[in-house]
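J.: Provide a 3D model corresponding to the input given below.
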Amino acid sequence: MLLLLAGGATFVGELSGGATLGIWDIVALALLPFALTALATWVARTAVLRALREAL
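T.: Next up, the predicted model:
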């Protein structure tokens, strides 16, 4: 999916004369799902621990 996105962005960038995706942009896009998963896990863990502390 990222390869299709990068290829499409490069094609459109060449046609329009705009910026294309660099290697670091693709790396950031690849790492984004992992970062969001870690954030969601941390938020859920914090909520569960807070609820357990209140229950005690």
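J.: quick one: average pLDDT of the longest helix belonging to the chain?
T.: The residue-count maximum for a helix in the chain (DSSP state H) belongs to helix 23-55. Helix 23-55 shows a mean pLDDT of 94.
J.: my guess is Leu2 meets Ala30, correct?
T.: Yes - with contact defined as CB atoms under 8 Å, Leu2 reaches Ala30; the gap is 5.8 Å. For the C-beta atoms, the positions are set from N, CA and C on the backbone; glycine is no exception.
J.: Could you check how far Leu52 is from Ala44?
T.: Separation of Leu52 from Ala44 (CB to CB, to the nearest Å) stands at 13 Å.
J.: Next: Leu31.
T.: Taken as CB to CB, the span from Leu31 to Ala44 is 20 Å.
J.: Over to Glu14?
T.: 43 Å.
J.: For Ile26, the count of nearby residues, please.
T.: Ile26 has 15 neighbouring residues, counting by other CB atoms under 10 Å.
J.: which residues sit in contact with it?
T.: Counting by CB atoms under 8 Å, 6 or more residues apart in numbering, Ile26 makes contact with Leu2, Ala6.
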